[in-house]
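K.L.:
compute the structure for the input listed below.
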Amino acid sequence: MFNPLPSCVTFCCFLITASASLLLSMPTIVNAEPVINNATQEVSKDTIIATWQPTTTTLSTISDAEKLLTASRFLSASGNERQQVTQFVSRLRSSQTKLSYEQRQRLVILEARLMQGVHKFDDALQHLNTIDTTHSGAAQLLLADINIQRGQGDKAKQHCEQLMGKTSFLLAFGCVLNADFSIAPSEDVYNKLQKFERYSSLTNAESINEAEYIWFRETLASMALALEKPNLAVQQLSEFTLSTLPVSALITWADAHYATGQYDTITTVLGQEVSNISRLDDALLLRWVKAQKALNLDDTKEMRLLSKRMQIRAWREDTSHAAQVASYYLDVDYQPQLALKFARLNWEYAQTKHDEHLLKRAEKALSAKDAEAAQATHGSQASQIFQVSQTSQITES
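P.N.:
All right, here's what the predicted structure looks like:
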């Protein structure tokens with residue numbers, strides 16, 4: 001059975017700028033504890049899901065905005081980074097500031113990253129088409145990432161192949177293999193990537209950027225998990241402290257530990273590392289709650305927070321969090337009909353192997369529930385017929 005890659009980490013890519021800042025698919029950071037009783041309760045669409053304390057971050061350049069968006073991917077994020085970047089972009093556009101060719105390129109890529117973060121993949125692709133992406137490593141990496149999320153590995157590979165000479169060989173080679181793996185997960189692809197690590201560490205270790213190395217290890221861990229080798233996935237990430245890993249890698253870390261039955265490790269480590277659960281990403285909070293449930297814990301603050309978030313996400317039919325909502329109603333609050341609704345909604349936007357697996361799980365769960373209900377109805381009807389028959393026999397006698 002296919003063991004899914006984490007939904008919010010289909011592929012990590014890097015934004016190659018003068019500061020060499022890192023780009024990954026952005027999970028949406030949400031913060032809130034809105035009060036609501038159930039998934040179908042009608043609430044205002046203005047209900048607040050995200051709250052945070054104002055920060056003193058001042059964005060004056062595109063480079064500042066790129067770095068802040070990258071910072072939103074870590075546990076140390078304050079929670080309003082994406083909003084700050086969105087406001088900066090809006091101000092820059094409305095001010096009609098004269099931008100250089102390079103600045104225009106970077107601004108469009110930054111805007112496409114924001115769109116990608118809320119699963120507006122088609123919009124992001126159309127936006128990237130407004131610039132010449134031919135010679136931009138950052139744009140090619142982003143295009144590859146988006147196409148992998150849309151289930152179009154062949155197109156992603158074409159963009160990866162254009163990276164030679166625009167990024168490090170590690171990124172270009174890793175991008176190609178990641179695209180291959182998205183098309184057909186196999187140990188052969190994993191081994192090729194693993195061998196490249198051994199080769200590079202022997203010949204050119206000092207030139208490997210730390211952020212690239214973390215991405216490389218995360219990719220190997222995600223592949224190992226998809227190949228149903230969770231112990232190997234744990235090993236790939238074991239040398240890093242959680243604070244240095246992006247949320248996407250933490251999700252892989254949590255999934256790998258869950259698959260090996262190390263539920264206590266997940267709850268203990270996250271309890272130590274997460275200073276404020278109201279800022280925690282939905283996907284990681286979901287893993288935490290699943291581990292708590294496996295340990296037979298009940299009514300924890302993490303469970304209550306996740307329940308409230310999922311109820312509002314479900315009522316709003318939130319497309320950018322549809323995968324998390326579907327998973328929640330499969331693995332935490334078992335409601336197959338809701339799970340299938342959001343698995344289908346998610347499939348409209350994201351079509352990775354993980355998304356396909358999630359959809360099949362939801363379909364199977366609902367079919368099983370329907371079969372169980374039909375069997376119960378049949379049994380009840382048979383019992384009623386038997387009782388009527390017995391009554392008739394008594395009356396006749």
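K.L.:
for the stretch 51-200 of the chain, give me the ranges with low pLDDT.
P.N.:
Applying pLDDT under 70 to the stretch 51-200 of the chain picks out residues 51-57, 200.
K.L.:
residue boundaries of the helices in it?
P.N.:
62-71, 81-94, 101-117, 121-128, 137-149, 153-161, 169-183, 187-203 (DSSP state H, counting those that start in this stretch).
K.L.:
now the first one: how far from the chain's centre is it?
P.N.:
Distance, stretch centre to chain centre, for helix 62-71: 20 Å (C-alpha atoms, centre = their mean, to the nearest Å).
K.L.:
got the angle between that helix and helix 101-117?
P.N.:
20 degrees (axes from the mean of the first three to the mean of the last three C-alpha atoms, to 10 degrees).
K.L.:
return the alpha-carbon coordinates of helix 62-71 using PDB.
P.N.:
Extracted in PDB, the C-alpha atoms of helix 62-71 (Å, rounded to 0.1, in the frame of the first residue of the first chain):
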ATOM      1  CA  ILE A  62      11.800  42.700  -2.100                       C
ATOM      2  CA  SER A  63      14.700  40.800  -0.500                       C
ATOM      3  CA  ASP A  64      13.300  41.600   2.900                       C
ATOM      4  CA  ALA A  65       9.900  40.100   1.800                       C
ATOM      5  CA  GLU A  66      11.500  37.000   0.300                       C
ATOM      6  CA  LYS A  67      13.400  36.300   3.600                       C
ATOM      7  CA  LEU A  68      10.300  36.900   5.700                       C
ATOM      8  CA  LEU A  69       8.200  34.500   3.500                       C
ATOM      9  CA  THR A  70      10.900  31.900   3.900                       C
ATOM     10  CA  ALA A  71      10.900  32.500   7.700                       C
END
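K.L.:
residues of that helix that come out buried?
P.N.:
Ile62, Asp64, Ala65, Glu66, Lys67, Leu68, Leu69, Thr70, Ala71 (16 or more other C-beta atoms under 10 Å). In short, each C-beta sits where N, CA and C put it, glycine included.
K.L.:
quick check, nearest of those residues to Ala362?
P.N.:
Leu69 (31.7 Å; C-beta to C-beta).
K.L.:
among the helices of the stretch 51-200 of the chain, show me which one is buried the most.
P.N.:
Across those, averaging neighbours per residue (mean count of other C-beta atoms under 10 Å) puts helix 137-149 on top, at a mean of 26.
K.L.:
circling back: of the helices of the stretch 51-200 of the chain, which is nearest His321?
P.N.:
helix 101-117 (11.3 Å).
K.L.:
CSV for the helices of the stretch 51-200 of the chain, including distance to Glu228?
P.N.:
Written out in CSV, the entries for the helices of the stretch 51-200 of the chain read as follows (distance: least, C-beta to C-beta, whole Å):
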stretch, distance to Glu228
helix 62-71, 31
helix 81-94, 34
helix 101-117, 29
helix 121-128, 28
helix 137-149, 20
helix 153-161, 20
helix 169-183, 14
helix 187-203, 11
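K.L.:
these: which one's closest to Leu270?
P.N.:
The nearest among the helices of the stretch 51-200 of the chain, by C-beta to C-beta, is helix 62-71 at 19.7 Å.
K.L.:
dump the residue contacts of the residue lying closest to Leu69 once chain neighbours are set aside.
P.N.:
Of all residues not flanking Leu69 in the chain, Val85 sits nearest, at 4.9 Å (C-beta to C-beta, 6 or more residues apart in numbering). Val85 makes contacts with Leu59, Ala65, Leu68, Leu69, Leu110, Leu114, as judged by C-beta atoms under 8 Å, 6 or more residues apart in numbering.
K.L.:
and the nearest residue to the last one once chain neighbours are set aside, how far is that from Leu68?
P.N.:
So that's Leu114. Leaving aside its sequence neighbours, Leu114 sits nearest to Thr86 (C-beta to C-beta, 6+ apart; 6.0 Å). To Leu68, Thr86 is 11 Å away according to C-beta to C-beta, to the nearest Å.
K.L.:
which one of the buried residues of helix 62-71 is nearest Pro246?
P.N.:
Distances from Pro246 to the buried residues of helix 62-71, taken as C-beta to C-beta, are shortest for Thr70 (8.7 Å).
K.L.:
tell me the spacing between the closest one and Glu111.
P.N.:
From Thr70 to Glu111 the distance is 15 Å (C-beta to C-beta).
K.L.:
and Asp180, by the same measure?
P.N.:
For Asp180 relative to Glu111 (C-beta to C-beta), the value is 29 Å.
K.L.:
again, but for Ala259
P.N.:
37 Å.
K.L.:
first-to-last residue distance for stretch 133-142?
P.N.:
10 Å (C-alpha to C-alpha, to the nearest Å).
K.L.:
right, I mislabeled it, should have said stretch 143-161
P.N.:
Terminal-residue distance, stretch 143-161 (C-alpha to C-alpha): 12 Å.
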